[in-house]
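Undergrad: For reference, the sequence and a predicted model appear below.
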Number of protein chains: 2
Amino acid sequence: MPTAFAAAWQARDPDALADLFEPDAEFVNVVGLWWHGRAAIRKAHAYGLAVLFRDSALTVVRTRERALSETVTVVHALFRLTGQSPVGGVDRPGDRRTVFSFVMRRGADGWRCASAHNTDVVAGAETHVRATDGTLRAADGRSR
Amino acid sequence: MPTAFAAAWQARDPDALADLFEPDAEFVNVVGLWWHGRAAIRKAHAYGLAVLFRDSALTVVRTRERALSETVTVVHALFRLTGQSPVGGVDRPGDRRTVFSFVMRRGADGWRCASAHNTDVVAGAETHVRATDGTLRAADGRSR
């Protein structure tokens, strides 16, 4: 799944990406957007791949798998994302690393993803904290 | 699971919290810290509940479940977190909302969590972007 997801991303192909998911799949993205179903996942990625990530490269750094039954397995993957488009006032976005978890299920036509969840890795941080201006900041335990 | 997790959190009881997980469970937190196994999950939460969240309240806002087999089900939950301790230079942290996904498996002694993943909800954002100073910012697609 991590390799297939990255390949669909690289091809800017929202149909190929959506086809990796079950019709009723859930997807939580890095800012907590929570999509229900393949159509919603396709729509969000069609937009993202055309606008936010049109020139980006997504590569698999490391994976880890735990089979939970004959038909269900959980795959975690650390990804690297480079070349993100300018957004949020940042002209040349830096590289990101994200940890995905994919819950895969084997059905009549092979393995598909039932649930995907993605989180940005914030180096040196332990949690987030919401500042007075409403923004979330990364925080470690020491920096009171 | 969401209710039991919140109850263990409220009791500041890392043993009760860890007991909700399988020995080989995976856990990805909101800043991409990725813990392998119950002992690591216990240790991280013993620290968090004593330092970062010692006066906090964690409440379940909404849940959603999808059974994947007789023995595996995925439970998503939106949580609200209030009363976080001062960290990161913020004296009075504001409320946070996070989306958890819990992959639950039924074993000989009942249901336990095989994989947990948590992400902060950033209102109005579509993704993150890494700024020149290395920090991650929330971004929507318009704010180039």
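TA: Looks like it came in fine.
Undergrad: Can I take it that residue A:7 is in a strand?
TA: No - assigned with DSSP: H, G, I helix; E, B strand; the rest coil, residue A:7 falls outside any strand and is helix.
Undergrad: residue contacts, it?
TA: residue A:16 (Cβ atoms under 8 Å, 6 or more residues apart in numbering or on different chains). The way it works is simple: take the backbone N, C-alpha and C, and place the C-beta from them, glycine included.
Undergrad: mind checking pLDDT for residue A:141?
TA: Per-residue pLDDT puts residue A:141 at 72.
Undergrad: And for residue A:89?
TA: pLDDT, read off for residue A:89, is 87.
Undergrad: and the spatially most central residue of chain A, which of the three is it?
TA: In chain A, the residue lying closest to the centroid (Cα atoms, centre = their mean) is residue A:118, at 3.9 Å. Using three-state DSSP, the three-state assignment for residue A:118 comes out as strand.
Undergrad: do the same with residue A:16
TA: Under three-state DSSP, residue A:16 comes out as helix.
Undergrad: count of neighbours near it?
TA: When neighbours are counted by other Cβ atoms under 10 Å in any protein chain shown, residue A:16 registers 16.
Undergrad: quick one: residue A:26 and residue B:76 touch, right?
TA: Yes - contact criterion Cβ atoms under 8 Å: residue A:26 and residue B:76 qualify, at 6.0 Å.
Undergrad: Tell me if the longest helix seen in chain A is near chain B.
TA: The longest helix of chain A (DSSP state H) is helix A:38-50. Yes - for helix A:38-50, a contact with chain B is found by Cβ under 8 Å from any Cβ of the partner chain, at A:47, A:48.
Undergrad: Extract the CA atoms of that helix and return them as CSV.
TA: Taking Å, rounded to 0.1, in the frame of the first residue of the first chain, the C-alpha atoms of helix A:38-50 are listed here in CSV:
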residue,chain,number,x,y,z
ARG,A,38,-13.8,6.6,-1.5
ALA,A,39,-15.5,9.4,-3.4
ALA,A,40,-14.6,11.9,-0.7
ILE,A,41,-11.0,10.6,-0.6
ARG,A,42,-10.8,10.9,-4.4
LYS,A,43,-12.2,14.4,-4.4
ALA,A,44,-9.8,15.6,-1.7
HIS,A,45,-6.8,14.1,-3.5
ALA,A,46,-7.8,15.3,-6.9
TYR,A,47,-7.7,18.8,-5.5
GLY,A,48,-4.5,18.3,-3.5
LEU,A,49,-2.6,16.7,-6.3
ALA,A,50,-3.6,19.5,-8.7
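Undergrad: Would you map the strands across chain A?
TA: A:21-28, A:34-36, A:57-67, A:72-82, A:96-107, A:110-120, A:127-130, A:136-139 (DSSP state E).
Undergrad: Contact partners for the residue nearest to the centre of chain A?
TA: A:28, A:29, A:30, A:98, A:99, A:100, B:119.
Undergrad: So which residues make contact with the lowest-mean-pLDDT helix or strand in chain A?
TA: Each helix and strand of chain A was given a mean pLDDT (mean pLDDT, DSSP states H and E); the minimum falls on strand A:136-139 at a mean of 92. Contact with strand A:136-139 is made by A:122, A:124-131, B:31, B:52, B:87-90, B:96, B:120, B:122, B:135-136, B:138, as judged by Cβ under 8 Å, 6+ apart.
Undergrad: for stretch A:41-61, how far is the first residue from the last?
TA: Distance across stretch A:41-61, first residue to last, is 23 Å (Cα to Cα, to the nearest Å).
Undergrad: Done for today, thanks.
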